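Participant: how would this look folded up:
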Amino acid sequence: MTTALTISALPYSTDPLALFAKLRHRPGAVLLDSGRPKATTGRFDIVSSDPLATLTMTPEGDTRLSSDMLTLPASLAEDVTAQQQWLIEQLPAVNVKSELPFLGGLMGYWSYDLGRNRADIASQHPAATRLPLLRVGLFDWCITLDHVKEQAWFVGSPARREQVAAWLAAPDTPTTPFKLTQRFSPELTQAAYTERFDAVQRYIRAGDCYQINLAQRFTAHYEGDEWQAYLQLRKATPTPFSGFMAWGHQAVLSLSPERFIQSRDGLVETRPIKGTRPRGKTPDQDRALANDLLSSTKDRAENVMIVDLLRNDLGRVCVPGSIRVPQLCQLESYPNVHHLVSVVQGQLASQHSPLSLLTAAFPGGSITGAPKIRAMQIIDELEPCQRSVYCGSLGYIDVRGSMDTSIAIRTMVADDGALHVWGGGGLVADSQAEEEYTETLDKIRHLIGALE
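Facilitator: You can find the predicted model right below:
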């Protein structure tokens, strides 16, 4: 199916955007974007296109494989996790020693509603979009930019390298300027949000849950190329777990600051975010907001709750006794917000794959609440539509078993001329409705403002 993989050097560039723009209109083009140079915690950008196969799951739950050379075994028809694992195994084994993150495998997204379906929570509400519940491509090549070592690499066969070189040398494909034809409008009024906030408080007092992540959706209408919108968003808010992919009249534009799960050489890491403040307009105001977040017992309690949930999730597939928390409630600052971020680590048990790890922990506890299943049931009851890709994950799983995925917050979803974005936050017993409503706006105001 494909010849042996090689890794060859390319001229280094600080800019993945110009590179991806040359491939934007190729089938299955995907960009996993570290947000450099402004998002300094990121390291690698990964660019690819033209997958050997694309696996999707319809909103009704049917899986489809698009490929000229592969056909899924009938025995895997009911198991989408096994289908993904089978796809990875169609690539030749890799024995190359490399610290590059991706040497071929799956890239794409897994939606929040995929996780809801797996938890057997039947939604009471309409789908937010017609995007697939899952869309992953099987890629046998990529270009990777390493911004720490200032190096660039082509990963793939020599034949693929010649093919990609021709695509990059071709004249630019004309693009249509992006513009909104209707401004963003909220699905909920502040009064309607407060009614749902009050319902969460009743559930907390009744003992159903102790934290719920409640979100609201905003929708605008647009025309033009979604890639141009991503460039505007990325300029306004570069983040280390960003990504872009588009097909037909649909696209995912993610500017996420949050890692979900990384697995490399068996070491598993998740980095939950809980606790947010906007950046200040002056240095003194900015420091005051950061200090307020660091000293907030409420925000710290929220973060610790989710750390405990994720310790439990990872513990289902990690070596007993290996779970640890090397960072608890540390301040991380981004161009538009301050966050509290923790780190939970573990050692993946030998009988489990990265895909089984992803399945065990999905969706991320930082965007559900706790306990997770009851929180997801309450979310579906109170939010007026399904979440689509929002609060799912973007990322990769490579042929060696390396994996890195985001939490798809600060993410816009384009669907046939409609552009959706969600803002949410964790609610606990001492939350205040007006403050929480304002926080949902703070988290996405810069995204909306970049396009309006």
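Participant: got any ranges where the chain has weak pLDDT?
Facilitator: Scanning the chain for pLDDT under 70 picks out 1-3.
Participant: ok, which stretches of it are helices?
Facilitator: In the chain, the helices defined using DSSP state H lie at 16-23, 80-88, 112-118, 158-169, 190-206, 226-236, 283-294, 297-315, 354-361, 372-382, 433-451.
Participant: list the contacts of the fourth one.
Facilitator: With contact meaning Cβ atoms under 8 Å, 6 or more residues apart in numbering, helix 158-169 is reached by 2-3, 6, 8, 19, 22-23, 26, 49, 140-141, 143, 154, 156. Just so you know, the C-beta spots here come from the backbone N, C-alpha and C atoms, and that holds for glycine as well.
Participant: make CSV from these and add distance to residue 439 and neighbour count to it.
Facilitator: Formatted as CSV, those follow (distance: Cβ to Cβ, whole Å; neighbours: other Cβ atoms under 10 Å):
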residue, distance to residue 439, neighbour count
2, 47, 17
3, 51, 12
6, 48, 13
8, 47, 11
19, 36, 17
22, 39, 19
23, 37, 22
26, 39, 15
49, 37, 23
140, 43, 23
141, 42, 24
143, 38, 23
154, 43, 19
156, 44, 25
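Participant: which of the residues you listed fall within strands?
Facilitator: Residues of those located in strands (DSSP state E): 6, 8, 143, 154, 156.
Participant: residues in contact with the closest residue to residue 26 other than its chain neighbours?
Facilitator: Computed as Cβ to Cβ, 6 or more residues apart in numbering, the closest residue to residue 26 that is not its neighbour in sequence is residue 49, at 3.6 Å. By Cβ under 8 Å, 6+ apart, residue 49 lies in contact with 23, 26, 27, 28, 29, 30, 167.
Participant: equivalent analysis for residue 231, please.
Facilitator: Residue 231 sits next to residue 17 when contact means Cβ under 8 Å, 6+ apart.
Participant: thinking again about what came up before, what's the closest of the helices of the chain to residue 150?
Facilitator: helix 16-23 (13.4 Å; Cβ to Cβ).
Participant: what packs against the closest one?
Facilitator: The helices and strands touching helix 16-23, judged by 3 or more Cβ pairs under 8 Å, 6 or more residues apart in numbering; DSSP states H and E, are strand 30-33, strand 44-48, strand 142-146, helix 158-169, helix 226-236.
Participant: how about the last one, which residues are buried there?
Facilitator: What that stands for is helix 226-236. Buried residues in helix 226-236, counted by 16 or more other Cβ atoms under 10 Å: 226, 227, 228, 229, 230, 231, 233, 234, 236.
Participant: so can I have a markdown table of those residues showing distance to residue 70?
Facilitator: Output for the buried residues of helix 226-236, formatted as a markdown table (distance: Cβ to Cβ, whole Å):
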| residue | distance to residue 70 |
| --- | --- |
| 226 | 28 |
| 227 | 28 |
| 228 | 34 |
| 229 | 33 |
| 230 | 30 |
| 231 | 34 |
| 233 | 34 |
| 234 | 33 |
| 236 | 40 |
